[in-house]
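Visitor: what's the 3D shape of this:
(2 chains)
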Amino acid sequence: MVQVRLFGMLKTLVAGSNMLEVPLSDGALVKDLVDCLQIEYPELGKLLQQKKVVVSVNQEIAHWETALVESDEIALLPPFAGGT
Amino acid sequence: MAVETDADMLVRVQEGNFSIDQELERVRARSTKIGGIAMFLGTARDHSKGHDVSSMAFEHYEGMAQKKLKEIRERALQDFDIIEALVLHRYGPIEIGENIVLIIVGAQHRADAFKACQWCIDELKKITPIWKMEYTPQGDVWVEEHP
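Guide: All right, here's what the predicted structure looks like:
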């Protein structure tokens, strides 16, 4: 099981939650995470597929081939909007 | 408890307001070689993309946001002929007219300070995990709601 943090508008796509638990085993890849999310949250999955939302692992932008372990800090990041 | 260093104070994500005078002094005090200081201050405006904005709030990814601001400062020091750079961003609720973001760059000469200052704010917008919610008479809107 991995925990995935959500930020910004993404929370509106998963009923306001800022954390999801996704049933994945150690060694699963980011693309497996995207596939899982796609099933339960199609709109979120679509944004991930389109690379409009990126995945970070341990506070670094990850690639689809990045392998995950349960202790990883995983987050989904919508387009940034800092500054003015 | 981690010891706060000068470098930590030069890169911050904080909820409260900041004093421009204090931050300017922080940069100025870094070196007597500084002969030009450029500053960018971003403030909260009451209008955005054709709609009124009543107030706003910023959300950040704690840890990663600080890491990215630190990276921006370090790259600015490395890639531009400058002496010091300070990068601050606020989070939480912010009223119209309040300060949001502050970049201050000290260099020997103005041209380098201006260039680095612009680069810092442009880079901040590109790589820092911070998001903005605007409160409008029509409802709450995450900026880039349709990414």
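
Visitor: what about residue 47, neighbour count?
Guide: Just so you know, I chose chain A. Counted by other CB atoms under 10 Å in any protein chain shown, the residues lying close to A:Leu47 total 22. For glycine as for every other residue, the C-beta is placed from the backbone atoms N, C-alpha and C.

Visitor: Chain B is the one I meant
Guide: Neighbours of B:His47 (other CB under 10 Å): 10.

Visitor: What are the neighbouring residues in contact with it?
Guide: B:His47 makes contact with B:Val53, according to CB atoms under 8 Å, 6 or more residues apart in numbering or on different chains.

Visitor: Likewise for B:His89?
Guide: Contacts for B:His89 were tallied using CB under 8 Å, 6+ apart; they are A:82-83, B:12-14, B:58, B:60, B:65, B:69, B:100-102, B:124, B:128, B:130.

Visitor: Show me which residues of chain B sit near chain A.
Guide: B:42-45, B:58-61, B:63-65, B:67, B:89, B:100-101, B:121, B:124-133, B:142-145, B:147 (CB under 8 Å from any CB of the partner chain).

Visitor: what's across from A:Leu77 in the sheet?
Guide: A:Val54 (DSSP bridges).

Visitor: Tell me which residue lies nearest the centroid of chain A.
Guide: A:Leu76 (3.7 Å; CA atoms, centre = their mean).

Visitor: Could you measure from it over to A:His63?
Guide: 15 Å (CB to CB, to the nearest Å).

Visitor: can you check B:Ile96 too?
Guide: For B:Ile96 relative to A:His63 (CB to CB), the value is 40 Å.

Visitor: Name the residue in those two with the higher neighbour count.
Guide: Neighbour comparison, B:Ile96 and A:His63: the larger count goes to B:Ile96, with 14 against 11 (by other CB under 10 Å).
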